[in-house]
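Asker: Please work out how this folds:
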Amino acid sequence: MEGQRRFGFFGMAGIGCLVIIVLLALFILLPGFFSYNKLVNLDESVNGAWSEVENLYQRRMDLIPNLVETVKGYAKFERETLEAVIQARANATRPNISTSELVNNPALQQQFIQAQENLGQALGRLLVVIERYPELKANQNFIRLQDELAGTENRISVARRRYNESVLEYNRAIRRFPVFIVAGLMGFEKRAYFETAPEARQAPKVDFNN
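Answerer: Residues are numbered from 1 along each chain as shown. Below you'll find the predicted structure:
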């Protein structure tokens, strides 16, 4: 009888300890679980926003060959300007680096941004030159390319802003308590913003209506 009472006491104490351990484990693990999932979602938002930036830059690069071919026929004496655009486009398309590599490597990402800025500046100089050729500005193929290019430039600006917004939200999250503990343990690192040189912050102006 005495043995049964002792067993019952220790049995209840053991169950009590087990319950406490389980509750402590849940108390520790649940916030970590939710923090990890939140970080994964924010990380994917940054990747998705960057992917949109890349897609739009690719769209711009896809328009340039047609633009150059159209301009060639009219602006025969602007060879250097055309070649600068062609070279800048070639530089912007290499090396072939995956989105994941770019978005997780600030040095590579900055190289990509710099190449795109150089292309934008070369394109801007070409557009200035085109002002001298009224017949080219009236060409229907050129007008169509002009509209597509203008729309793409606007979408690039929006995509860059959205990317920086997603990076801001992500970077804030990995610094907050207790999320920063999970971020440190699971290797979530600070992301770089899309930063451009002051002279490149203005998108090439595509407007020949004046």
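Asker: Report the helix or strand with the lowest average pLDDT across this structure.
Answerer: Every helix and strand of the chain was ranked by mean pLDDT, DSSP states H and E. The lowest is helix 99-104, at a mean of 80.
Asker: Let me see the confidence value for residue 132.
Answerer: pLDDT for residue 132: 86.
Asker: Quick check: closest non-adjacent residue to it.
Answerer: Setting aside the residues directly before and after it, residue 132 is nearest to residue 75 in space (Cβ to Cβ, 6 or more residues apart in numbering), at 7.7 Å. For glycine as for every other residue, the C-beta is placed from the backbone atoms N, C-alpha and C.
Asker: Phi and psi next, for the one you found.
Answerer: For residue 75, the backbone dihedrals (degrees, to the nearest 10) come out as phi -100, psi 60.
Asker: and it, how many neighbours?
Answerer: 18 (other Cβ atoms under 10 Å).
Asker: mind listing what it touches?
Answerer: When the contact criterion is Cβ atoms under 8 Å, 6 or more residues apart in numbering, the partners of residue 75 are 81, 82, 129, 130, 132, 133, 136.
Asker: which helices and strands does the longest helix seen in the chain pack with?
Answerer: Counting by DSSP state H, the longest helix found in the chain is helix 2-72. If you count contacts as 3 or more Cβ pairs under 8 Å, 6 or more residues apart in numbering; DSSP states H and E, helix 2-72 packs onto helix 79-92, helix 99-104, helix 106-130, helix 140-173, helix 179-186.
Asker: Quick one: mean pLDDT for it?
Answerer: Across helix 2-72, the average pLDDT comes to 84.
Asker: picking that back up, now list the buried members of the contacts of residue 75.
Answerer: Among these, those buried by neighbour count (16 or more other Cβ atoms under 10 Å) are 81, 82, 129, 130, 133, 136.
Asker: Neighbours of the closest residue to residue 56 other than its chain neighbours, how many?
Answerer: Using Cβ to Cβ, 6+ apart and skipping the chain neighbours, the partner closest in space to residue 56 is residue 156 (4.7 Å). Here the number of neighbours of residue 156 (other Cβ under 10 Å) works out to 21.
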